[in-house]
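**Q** A structural model of the following input is requested.
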Amino acid sequence: MNMKKILALVVMFFLPFLTIEASEARDLTLPRIQVVPIKDTQADRQYELYVKLPEGYTKNKDKIYPVIYFTDADTHIELLSGTEFLMEEVILVGISHQKDLNKASGVHDSRARDYSISKSSNPERQAKYQFGQASTHLTFIRNDVITFIESNYRTDPSNRTYFGFSLGGLFGTYALMTHPDTFKNYILGSPSLWRDIPLLFSLENAALKSKEQKINLFITYGELEQELAVHVEDFIAQLKKKDYQALSSIKQVVIKSSGHSDSFPMVGVRSVKWLSSLTKEKG
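**A** Predicted coordinates:
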């Protein structure tokens, strides 16, 4: 038997194994991200936290870090992980949708319930989605999430940031108006304000009129979101008219040539760059 025939037999012998290996696709796991189960102790619901630590976290054992908390963790973690070159020294904490929903419910049910602040006027939709439980979800974040993070990681409690987009932006607006001390910086991308602006101002916390807090707000909408833009502009105008002493700065950005979903990546990049500039100013 000549050498060519021997090689051909060897290739034929190993070919099935090579085929099997090539077909074993798997999901990519992003580096330095911990998935931590956490319970909403008030509502008895199960969630997960996606915690990403800075690269030097384990070496710099005396250093404390600011934290960016964000909702819609599953969809936001990749974008915000990609901004670490804009702001390296920060801990990311993503809060997932409810994990122990019954089989008939989905992710949209969880976010519609947790991030909305008012009930639907449609009885059937209200029965299905249970709208208007932002208060319950904010209590979970304040009592369970932040307490856990600040007990188990080296964080700077005076430098928490909230990042939310769309319904997550509405939820952040609710946190700002009702419990402004929860975060120092609020990033609200295309917040779904629509009909809720009068309700939001009716819920204003007296602390917004105090100079004790120095809150920074970054708020956006896409240039092509003409219907939503009217409401975001109205909210900003009323904020400025109220002249809340707790608001140190309001940064308004219109994402050029973008609608709702396609403005999201730019909101991530531009808001973290803005946040990084605040940290440098402080330093």
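**Q** spit out the contact partners of residue 247.
**A** Shown in contact with residue 247 (Cβ atoms under 8 Å, 6 or more residues apart in numbering): 208, 215, 216, 217, 239. Every C-beta, even on glycine, is put in place using the N, C-alpha and C of the backbone.
**Q** in the chain, what helix or strand scores lowest on average pLDDT?
**A** helix 3-23 (a mean of 58; mean pLDDT, DSSP states H and E).
**Q** quick revisit: quick one: mark the members of the contacts of residue 247 that sit in strands.
**A** Assigned to strands by DSSP state E, the following of the contacts of residue 247 qualify: 215, 216, 217.
**Q** can you tell me which of those is nearest residue 277?
**A** Within those, proximity to residue 277 (Cβ to Cβ) peaks at residue 216, which comes in at 10.3 Å.
**Q** can you count the residues close to that closest one?
**A** By the criterion of other Cβ atoms under 10 Å, residue 216 has 18 neighbours.
**Q** does it really touch residue 246, like I thought?
**A** No - between residue 216 and residue 246 there is no contact under Cβ atoms under 8 Å: 10.5 Å.
**Q** what about the strands in the stretch 51-200 of the chain?
**A** Residue ranges of the strands in the stretch 51-200 of the chain, as given by DSSP state E, counting those that start in this stretch, are 65-70, 91-95, 155-165, 185-189.
**Q** quick one: low-confidence parts of this structure?
**A** 1-22, 281-283 (pLDDT under 70).
**Q** can you pull out the helices in this structure?
**A** 3-23, 73-81, 107-115, 123-129, 134-140, 146-152, 167-178, 197-202, 226-242, 264-282 (DSSP state H).
**Q** closest to residue 61 out of those helices?
**A** Comparison of the helices of the chain against residue 61 by Cβ to Cβ identifies helix 146-152 as nearest, at 14.4 Å.
**Q** got the contact list for that closest one?
**A** So helix 146-152 is in contact with 36, 38, 49, 51, 67, 69, 91, 93, 155, 157, 160, 182, going by Cβ under 8 Å, 6+ apart.
**Q** quick one: buried residues of it?
**A** 146, 148, 149 (16 or more other Cβ atoms under 10 Å).
**Q** sorry, back to before: out of the contacts of helix 146-152, who has the most neighbours?
**A** Busiest of the contacts of helix 146-152 [other Cβ under 10 Å] is residue 93, holding 26 neighbours.
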